[in-house]
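Colleague: structure for this input, please:
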Amino acid sequence: MVQIIAFANQKGGVGKTTTAINIAASLATIKKRVLLVDLDPQGNAGTGLGFVRAAHPQSVYGVIMGTAKAADNILSTAVPGLHIMPSSMALAGAEVDLLDMENREYRLRDALMSLFEYYDYILLDCPPAMGFLTLNALTTANNVIIPLQCEFYALEGISHLVRSIGEIKNKWNPELEILGVLLTMYDKRYGITRVVEDDVRKTFGDTVFKTVIPRNIRVSEAPSHGKPALFYDFNSSGAQAYLRVATEVIQKTQGE
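Modeller: Numbers count the residues shown, from 1 in each chain. Presented below is the predicted three-dimensional model:
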């Protein structure tokens, strides 16, 4: 059975897209069949996997709007076993376009159903806002990963997000669960990092991933080369951390 995971945080700059790309690549490396869906109008997931938006017509926009088939809007990446459904500039208007559409909360879920049997994991990279695109991701997903940067306002922001996820679970998607909170850009040289980690682990317990993602220059450089960190510098601390997180994801979702 396919596992559908949304990567969500209404705050930008927390490593959400970087996390989605690198967990997707890591899962594929562990021989899982993976589809990454880029729901962020900025399109950074596609760029981070080496795609230039102007060079291909495929986009999740038409899939959500019902004007295109999901299967026709998938691209193979350089990572064996990893496919992507890319974003496009048109997606920037989706929030307005969805306003008057029937069944607007479930457009993505209904469109992707035909693909469920072909993948072990479908990963949804959400925009940094709680609009209709993120709502569609959260009504499609059965799990959410929350990337969280170790900074002063982290807990305040995550508390708001957790409430929103709870409301969506109650109203639209009773299967939705928080798979884990992932600490990103972790730098133990700073005292605030340890303070935030202690607070988050005290608040969320085992929901927090055991692995933390270190602040790592190789992870930061990888997108400019159109590669996941694992394929840019396999031995870097960041790439190895994401590989460990992928193993935790498999353990949490499939008990392996």
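
Colleague: count the neighbours of Gly66 for me.
Modeller: Each residue near Gly66 was counted by other CB atoms under 10 Å, and the total is 13. The way it works is simple: take the backbone N, C-alpha and C, and place the C-beta from them, glycine included.

Colleague: wait, doesn't it sit right on Arg107?
Modeller: Yes: when contacts are counted by CB atoms under 8 Å, Gly66 is listed as touching Arg107 (7.0 Å).

Colleague: which non-adjacent residue is nearest Thr29?
Modeller: The shortest distance from Thr29 to any non-neighbouring residue, by CB to CB, 6 or more residues apart in numbering, is to Leu230 (6.2 Å).

Colleague: distance from the chain centre to the particular helix or strand that has that neighbour in it, please.
Modeller: In this structure, Leu230 sits in helix 229-232 according to DSSP states H and E. On the basis of CA atoms, centre = their mean, to the nearest Å, helix 229-232 sits 18 Å off its chain's mean C-alpha point.

Colleague: what do you get for stretch 32-49?
Modeller: With CA atoms, centre = their mean as the basis, stretch 32-49 stands 8 Å off its chain's centre.

Colleague: now do the same end-to-end measure for it.
Modeller: This stretch, stretch 32-49, spans 17 Å end to end (CA to CA, to the nearest Å).

Colleague: are we agreed that Gly93 is in a helix?
Modeller: Yes: under DSSP: H, G, I helix; E, B strand; the rest coil, Gly93 sits within a helix.

Colleague: tell me how far it lies from Thr29.
Modeller: 36 Å (CB to CB, to the nearest Å).

Colleague: before we move on, what about Asn22?
Modeller: 10 Å.

Colleague: the two: which has the busier surroundings?
Modeller: Set Asn22 next to Thr29 and count neighbours by other CB under 10 Å: Asn22 wins out with 28 against 21.

Colleague: next up, the contacts around the closest residue to the more buried one other than its chain neighbours.
Modeller: Spatial nearest neighbour of Asn22, excluding adjacent residues (CB to CB, 6+ apart): Tyr242 at 3.9 Å. When contacts are counted by CB atoms under 8 Å, 6 or more residues apart in numbering, Tyr242 touches 19, 22-23, 25-26, 213, 219, 228-230.
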